[in-house]
Every structure is written in C-alpha cells, then in structure tokens.
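Colleague: got a structure for you, letters missing:
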C-alpha cells in the first residue's frame, strides 16, 4: 500500500501522484530549461539563415499549460501502474501512531488506521522558507513556480543552490529580468571552480547577482498577477542594506525533510534533529528494524531521483525477493541544467584534494568552443572540461566535470566508464567522435599543475 | 574530373611546356638543377603530402619534436570549379560544414517546436541558403587561416603545390602558376585523402552534377535536389537539405549506410522518410539532361519494375563513394604499392607503405576508417614513432562514430551483422529498446525511431561487442559509452572478466533503457533481450519478459538509460 498526500504549499499549490521529480522538480524544470534553450535556438537560427518575424514573444501560459498537461499524464500513468501491479493507493496523510500502525487522514479529514509489518518512509522534502516577515505570504518556491498561472515577471531568486540557478537560468532565458541573491557560495557541495563558471555564464546571460546578501523583509506594494513586492536585504558582512522591487520572489534556500510531522517520535525512529534527515544503515534500515527509508530524507545520501528509484527497488528486492544487493551511492552522475549545462561525476576538486591530497592528483583541463557556437559568434572560452586523476592509481579518474551544451547527455557515458575504473590512459586511447563537444575528453593534454594556457585562439 | 585526370596523367609534359627550365623529365635531383625558374632543392626530415587532418597533425607533431618539416597541399578544383584552403576534407568539405548545416536544419526543427513551449513565432518561416552558406564558409575560411598560422607557429614549411614523386626520396611540386619546387625528405607521409566519385559512365553526370566538394560552397540554394547514393555523406546531405526546407530525394541502388548495422540504418532512412525526404529505392540513374529552363532532367531505371522513369531537379548531388587521391602522385616512381582494386595505398601496422620510409595515413590508406580523429591520431603516433621515443601503434579497433542525419546515429564496435558473422548467431545476445526523449513529449514529436541496441556475447560475462544509439545528440551521447568498449584493453590492473562484467552491467542499465524523464520509461519495461518480442513501448508490459531492475541513472536525460539489468 502507498500513502501519498501533498500538503498544499503556503501559496496553495498542490499536485498529483509522483512526488517532487515529476511534479515540481526534474520534469517541469527540464522542460522549462528546454523552453529557454529553444529561445536561444531562435536567436541562433537567424545566424544559420532562418528568417521570420523579428518580434518573438514568449507566452508563459502556453508553456506552463503544455508542461502541466504532460505532468497530468504522468500522474495518471503512475496511478494506472500502481493499479496494474495491485498496489493499493490511498491519497491520505500518514502518521505513525504505534510501531506497526499508521493513521491516514484524507482531504476531508477522515481518519483510517492501517497496520503493516514493514514500513518505508519516502516522504522527501519541501522547500524551506526564510522565517522572515512576508516570506510565506508573498514569496513562491519551486513548489509553485512550474504551475504559476501568470508570468512571474521581474524575479528575485533567493539562493544559489542548483534549484535557484536552474530557475534563474530558464526565467532569464524566457526573457525575464532576473536577479539572484546569494548568501555565500554558488552550488554548495559542487566543484567551486565549476560553480563560478556556471555563475559567470549566467551573468553573461543577463542575470544579476547580489552576493553576500540575505533578505530580511518582504512587503507587498501592489496586488496583482503578478503583484509588486519590495525586498529589503542585509549584507552578511556588515550593516549595509539594499532594497529592490520585484514582481516575484522565488525562494530556493534549501529543502526540509518531511520527517517531523509523521509520528516518528512515537515509534522511536531517530532523526538528525538539526537536518531532520533519517540516518540509515547500508540496507536503508532505520534504528527501528521494521522501518526503512529511501530518497531525499536519507542522511548523507544524494538527493536525486534515480538514486531514490534504485534504492527503493533494491530494498524491495532484499525484503521480498531474497536479493542481497545493496544500493551503491558512489560515482553518481548528475547535471545542473543551467542554460549552459554542468555535468559531473565523482569528486569535486576540493573534495578530491581532501581525500587524496593535492600532490597525488593530476588535473587535466581545457576550454573548448562548440562548433555550433562558431557561426553564432558565441564566446570561445566559456565551455570547460576537467578531469581529476589519482596519480598513484594509474591516473584513475576520480572526478569528471563538464560545462557545456548537452552536458547531461555527455556525462552519462563517462559515468559508466568511471564505474568501470576509467583512467586517463583509456581516455587517451579512445577515438573522439568528430565534431562533438564530448570529444574534448579524448584529447585533454594540459595539466593544471603545468599552468599552461588553455584559452582557445579562434580555432 | 576528366580535365583533372588528364592533367594528372601528364604532369611532366604539362610542366615542361610551362617552364622551359624543366628539360629532362624527373629522373632525379641531379637532372633537376640548373633551370632558371627552378628553385633550389629543399630537404627536410619529414615531408607530408596533403594538408588535411592527418597530415597536419603528423607535421605539427614532428615539428614539435624538433624536426624540419614541410607540408605540401594543393586542392585540385572540383569539376564544378570549387576550391578551398588548407585543412583538407574535414574542415572544408566534410565534417565541419556538414555539422554546421546539420545544425541549421536542427534549428529549423526547434523553431517549429518553439511554439509548443510558448514562443510566439509568426509564420512564414523561411530559410536563406545564402546567409547560412556565407556563415559556414566564413567559419571554414577562418579555420583555413588558423591552420596556416599553426603551421607557421610550429615552423612547419607550407607549400601550396601539387606534389608527385620523382623518386623515393624526392617529390616535385607544381604551384598554381606552374612553378616547380623540388623537395626531398628522409621520411615522406602521404595523406592526400580522397575525393568524391563521379559515375563517369552516366551521360551528363560530370557535366551537370555536383558532389559534397561543391554543396557546402554553393552561393545559391541548390533548390530541389536529387541525392544519389546512400552513403552517410548522401544521407547527411539529404537530411539537412530537407531540414532547411528543400524538396529532397534520395536515390539508392541497394542498401543504406553500407558497413553500418543494417537495422539501425533502416531506422535512419525510415525516420528521414517521416521527416520529409523522399526515397527512390532500387533505382539507378542513367542519364542527366539539362532542360531549357536550366533544370536537370534525370532518367533512371527502377530495378524492381524494370521500368524507366524521369524526374526534374535543380541539383543532382552524387554521393556514391570516394576515390583515394593516389593517381596523380606518381607512386610508381617511388615504388609505393597501391591496391589495384581501389587505388588505396597498402600499409602495415606502422602505417609504412611498401617503401619503408614512406608512410600513408588517413583516407588514402587501405583498410583505415575514413574519419578525422583516426587520421589525426594516426598522424601524431606516426610522428612520435619516427622522431620521438615512442613505439605505440595506432589501434583502429572500436572507433566510435556518428552519422549526423536528422535523427543522429552513433555507434561503436560491431554491427549486429558483424557480430553474428564473427561469433555465430547462437553466441550473440542483443539488448534493445525504443524510447521517447522527454523533450519530445511536449511537442508531440514522433519518437518511433528513437532506439538503442547493445550487441553482446551470450556467454557470461557477456562482453559488449557493439553499441548503437539512434536519437537526438547521439554524437554527444556515444562518446562516453565508447570508452567502455575499450576498457578491457587498458585495465591491466583489473581482471578483464570483472571489467567486462561491470561494463556490461552498467551498459545494460544505463545505455540500456534510455529513459527520458518520461515516467513510463522509468518503469521496468524497456531494455529487452531480443527474442521474438518487439521492443515498442506500447508492446511492452512491465516485467513481462525479464526480471528487470532499475538502477542509477542520470535524470532527466535521454542518455539516462535507466539502468536495467537482467
């Protein structure tokens, strides 16, 4: 039996079966990213000889409707599949009341009790709020953005997580005036050299950054769709404050695990009090043996859809299929879908240095100019490829980083190779596919330690 | 071509008439000295004939190793009079302009997609060939220039001369003005590549047809085009011509993409047909005539019906194969052997010809893949062996490549046919799946040909023999997976069995079901072991055939290949 219930966001957004990825994450995000890329394609197309009316506007409603329709079809197919598989689905909010008993409350407030011998908690996370005046009343989050009935207009994105930068990226790509307010670093946890490159590309795309500021007050100046909001922000380094006026303020300041209101304390499941995350062993088991957890609520595990799917499937197989296979959380590839995509697998340079020590690493890198960018006159020193190798293990690749078009598609295959023990030698021995961006990895020669110039000179 | 061939057959005679200085033929350096216009003989450690991808890479590498190097490059104008600068086929009339025009066509598709995503593009949408071609040509010219600069920077002497052998250590070169230069070298590398073949037996073919040597340099739109041939060159050209809105027909005698996996190839043409390219299958042209309107009337024979048919086109593009540029090199003077069947130069694993100090790389060498990156690498490695301390040979196996048709086809390793021929049907296992890219959902694009296939040995650890991917961005997707095919060769520190197993396992999972972010495809349904059942999405029932297991993937990318294992 699956219990699923979407508590409406403070702005009132709610959605169907499928969780964050399908409804308010990966899927709508990638589609809006695609919309923004198409906007770029429209600009590029003129350089490639396409001619049509100069005035091309973007219609937010058309886009969101198309995306929401796709999501609805996914919601529906999820329900269908549960039914096909004979899984009982109850649209109700579950809370533990006893070790093997759960209370399910539906939309109408009706309570039903269910018992089970095994429980899996997979409640995921929801966007965090700042806890300042006006945030819940006037700000939206990624829970609301993808189904927003009107164009958000001039937007302030608070936070430089990948959610923040992805949203800022596609909003700017759709032609909106976008500002990102950053408390400290961009893309915390990611390779910081790459993160800065992502940021400077966003700046080139017209996104403004307000670094070292954090909002302290949100006020509504005018109602409307969208309305007008006044934002007061304070420097993180001093007394300075700044003010800005926006149509929309999108909070992307992290996510909170949905673990505090599901009765875990009643049955003794431990959570990390600070983060709300649930510690589990390598079998996804909590401290209460018949209660397991998977997905974003796990402590110390990546918050990624494919990881959660994998962990969930393997868990079911271990529980009921006699399997012993555990979920492998190492070398999981991911991609940040900013206008210029950033794909990575393995360790960031910082983490690699921490683990292996700088002197044991060799970093190969290069800037590259996608062929498609030449005709459009886009910058020849923006796209960047980097691999981090362990010198004392056959130059085994421990980190793979790529900033460039289609990084998502490129990274996947390299991640497979990393799983198999990719070395620099193998990259050298593999012939490139010409002309692509991905071939850059077969010809990386310049090491960071050499300090040699990697800028591309024209061609 | 005829004129060119004639000129090439008699370079000595032609030369003699132009420069009186050359009086005694080309029997050696001693005879050559003395003429007024005759330059001093220049000698080098390495002379590279042909300034394409392979030749330039070899020359630059040798220069880097401190050697005195020269490159002789000369572009004989095509029968239509098209000529270009330094850089060879890839840069001027191959990969580069092809991929850019492919991109132009893709952008056309994106403009059509855009309104689904909210972009209000008002019709009509038109395409200006002139504008595109100019942009592409400007980029190519900048690359020509870049290659010149690079040679200069590395102190490689560049001669814009048509070279032919005088003897095994000496080459004579004739420039545009007919001036002769004599070059001698300890080592000579032949990297002259190939040129498109004309069907000389078809009347009007040479007179009125164009080839890939011309298409990228046309100033005006080719208009309604007949592409003859079904090589990758033919299909790529037909693909982008269709994509930019031209009425395009492909006439093919037999099979598409000979040498490639035939199931994949027919999916490629199937997609092209649905994309608007017309196909005349089993047809062979017999006559090209120019009509008073300036259009071309093509007569062809339909082999199936035995009937003759005609059609009118603005342009006829021959893409029926390429011939190596060896006929004008006077190879016999140096004693370099060619395969009389195809005129390619016979080489050994060291790239050496029948003359030990003369080498051949790239498209001109027999049995080599005709691909830029292999030529570049072969050239570099050759220079390193000759002048560095290396003994590393070029490994030509498992070279990945991509056909840039509207739906791209990327592959590495063996085709299914090759695998079966090599190992026997009973030892080959095929995993495959159809999939739908996430981006196709909103636009309702037809994904009937988005397909992946993995050809393996049946016996554990099921060594992966070939990977085939048909879908958007196949070029980018395939590269990483190509690494894996070579894994067992280089992972000497690990038991090869383990490496095979891991790679197979990861591939089944990642490459296997190219998920899409489409929730459907994340269900355990996609990557199937082939055995009678169809792999169409609709035809699949979750878990109906095998016990699939979803594994880590990369979300939401088509390359995600939701990872399923058996």
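Modeller: Alright, I've got the coordinates. Just so it is clear, the model here is predicted, and its values are computed rather than measured.
Colleague: what about stretch B:244-264, near chain A?
Modeller: Yes - contact of stretch B:244-264 with chain A is found when judged by C-beta under 8 Å from any C-beta of the partner chain, involving residue B:244. C-beta here means a position set from N, CA and C on the backbone, and glycine is covered the same way.
Colleague: Between the two ends of that stretch, how far is it?
Modeller: Across stretch B:244-264, the straight-line distance between its terminal residues is 24 Å, by C-alpha to C-alpha, to the nearest Å.
Colleague: Measure how far it is from the centre of its chain, please.
Modeller: 15 Å (C-alpha atoms, centre = their mean, to the nearest Å).
Colleague: now do stretch A:210-220
Modeller: On the basis of C-alpha atoms, centre = their mean, the separation between the geometric centre of stretch A:210-220 and that of its chain is 23 Å.
Colleague: in that stretch, what's buried?
Modeller: For stretch A:210-220, the neighbour count (16 or more other C-beta atoms under 10 Å in any protein chain shown) marks A:210-211, A:213-215, A:218 as buried.
Colleague: okay, these in TSV with secondary structure next?
Modeller: Formatted as TSV, the entries for these read as follows, by DSSP: H, G, I helix; E, B strand; the rest coil:
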residue	secondary structure
A:210	strand
A:211	strand
A:213	strand
A:214	strand
A:215	strand
A:218	strand
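Colleague: Quickly check those residues for the two that are furthest apart.
Modeller: Across the buried residues of stretch A:210-220, the two members that end up farthest from each other (C-beta to C-beta) are A:211 and A:218, 19.6 Å apart.
Colleague: pull the helix or strand with minimum mean pLDDT from chain A.
Modeller: Of all helical and strand segments in chain A, the minimum by mean pLDDT, DSSP states H and E falls on helix A:407-419, at a mean of 90.
Colleague: What is that helix packed up against?
Modeller: strand A:334-336, strand A:342-346, strand A:396-403, helix B:474-490, helix B:496-510 (3 or more C-beta pairs under 8 Å, 6 or more residues apart in numbering or on different chains; DSSP states H and E).
Colleague: So which bits of the stretch 101-250 of chain A are right by chain B?
Modeller: By the criterion of C-beta under 8 Å from any C-beta, the positions of the stretch 101-250 of chain A lying close to chain B are residue A:174.
Colleague: At which residues are the strands of the stretch 101-250 of chain A located?
Modeller: For the stretch 101-250 of chain A, strands defined by DSSP state E, counting those that start in this stretch occupy the ranges A:101-106, A:111-115, A:119-121, A:125-127, A:140-141, A:155-158, A:178-182, A:208-211, A:213-222, A:228-235, A:241-246, A:248-251.
Colleague: Need the nearest residue in space to whichever residue of chain A sits closest to chain B, chain neighbours excluded.
Modeller: Evaluated by C-beta to the nearest C-beta, chain A has residue A:413 as its residue closest to chain B, separated by 2.0 Å. Counting by C-beta to C-beta, 6 or more residues apart in numbering or on different chains, residue A:413 lies nearest to residue B:480, which is 2.0 Å off, once chain neighbours are set aside.
Colleague: since we're on that neighbour, how many residues are nearby?
Modeller: Applying other C-beta atoms under 10 Å in any protein chain shown, we find 29 other residues in the vicinity of residue B:480.
Colleague: Secondary structure element for the nearest residue to residue B:276 once chain neighbours are set aside, which one?
Modeller: The shortest distance from residue B:276 to any residue other than its chain neighbours is 5.0 Å, reached at residue B:242 (C-beta to C-beta, 6+ apart). For residue B:242, the host element (DSSP states H and E) is helix B:232-243.
Colleague: now swap in residue B:269 and tell me
Modeller: When secondary structure is defined by DSSP H and E, residue B:269 falls within helix B:262-274.
Colleague: And whatever helix or strand comes next after that helix, what's buried?
Modeller: The first helix or strand that comes after helix B:262-274 along the chain, using DSSP H and E, is strand B:278-281. In terms of neighbour count (16+ other C-beta under 10 Å), strand B:278-281 has its buried residues at B:279-281.
Colleague: if we can go back for a sec, from residue B:284, how far off is the residue nearest to residue B:276?
Modeller: 22 Å (C-beta to C-beta, to the nearest Å).
Colleague: now do residue B:398
Modeller: Between residue B:398 and residue B:284 the computed distance is 35 Å (C-beta to C-beta).
Colleague: If you count surrounding residues, which of the two has more?
Modeller: Neighbours of residue B:398 and residue B:284, each counted by other C-beta under 10 Å, are more numerous for residue B:398; the result is 20 against 16.
Colleague: which SS state does that one fall under?
Modeller: With three-state DSSP as the basis, residue B:398 sits in coil.
Colleague: does it really touch residue B:485, like I thought?
Modeller: Yes - applying C-beta atoms under 8 Å as the test, residue B:398 and residue B:485 come out as touching, 4.7 Å apart.
Colleague: Need the residues touching each of those two.
Modeller: Residues within reach of residue B:398 and of residue B:485 at once, by C-beta atoms under 8 Å, 6 or more residues apart in numbering or on different chains, are B:412-413.
Colleague: Look at residue B:562 and report its pLDDT.
Modeller: Residue B:562 is assigned 30 on the pLDDT scale.
Colleague: Kindly apply the preceding question to residue B:46 instead.
Modeller: Checking the pLDDT column for residue B:46, the value is 98.
Colleague: Would you mind measuring from it to residue B:375?
Modeller: From residue B:46 to residue B:375 the distance is 16 Å (C-beta to C-beta).
Colleague: Neighbour count for the two, which is higher?
Modeller: Applying other C-beta under 10 Å to residue B:46 and residue B:375 shows that residue B:375 carries more neighbours, namely 32 against 27.
Colleague: Return the residues in contact with residue B:405.
Modeller: Residue B:405 makes contact with B:232, B:235-236, B:239, B:268, B:271-272 under the criterion C-beta under 8 Å, 6+ apart.
Colleague: rerun that using 7 Å as the cut-off
Modeller: Taking C-beta atoms under 7 Å, 6 or more residues apart in numbering or on different chains as the definition of contact, the neighbours of residue B:405 are B:235-236, B:239, B:268, B:272.
Colleague: Equivalent analysis for residue B:135, please.
Modeller: If you count contacts by C-beta under 7 Å, 6+ apart, residue B:135 has them with A:47-48, A:375.
Colleague: One more: residue A:257?
Modeller: With contacts defined as C-beta under 7 Å, 6+ apart, residue A:257 is in contact with A:125, A:275-277, A:296-297.
Colleague: the helices in chain A, which residues?
Modeller: Ranges of helices in chain A, per DSSP state H, are A:19-24, A:26-47, A:60-84, A:135-138, A:142-145, A:162-173, A:192-204, A:264-267, A:305-320, A:349-356, A:371-376, A:407-419, A:424-429.
Colleague: Which residue is the nearest non-sequential neighbour of residue A:375?
Modeller: Spatial nearest neighbour of residue A:375, chain neighbours left out: residue B:135 (4.7 Å); criterion: C-beta to C-beta, 6+ apart.
Colleague: Could you list the low-confidence segments of the chain?
Modeller: Because you didn't say which chain, this covers chain A. Applying pLDDT under 70 to the predicted model, the residue ranges of chain A that meet it are A:457-459.
Colleague: Switch to chain B, please.
Modeller: Within chain B, the stretches with pLDDT under 70 are B:1-40, B:488-566.
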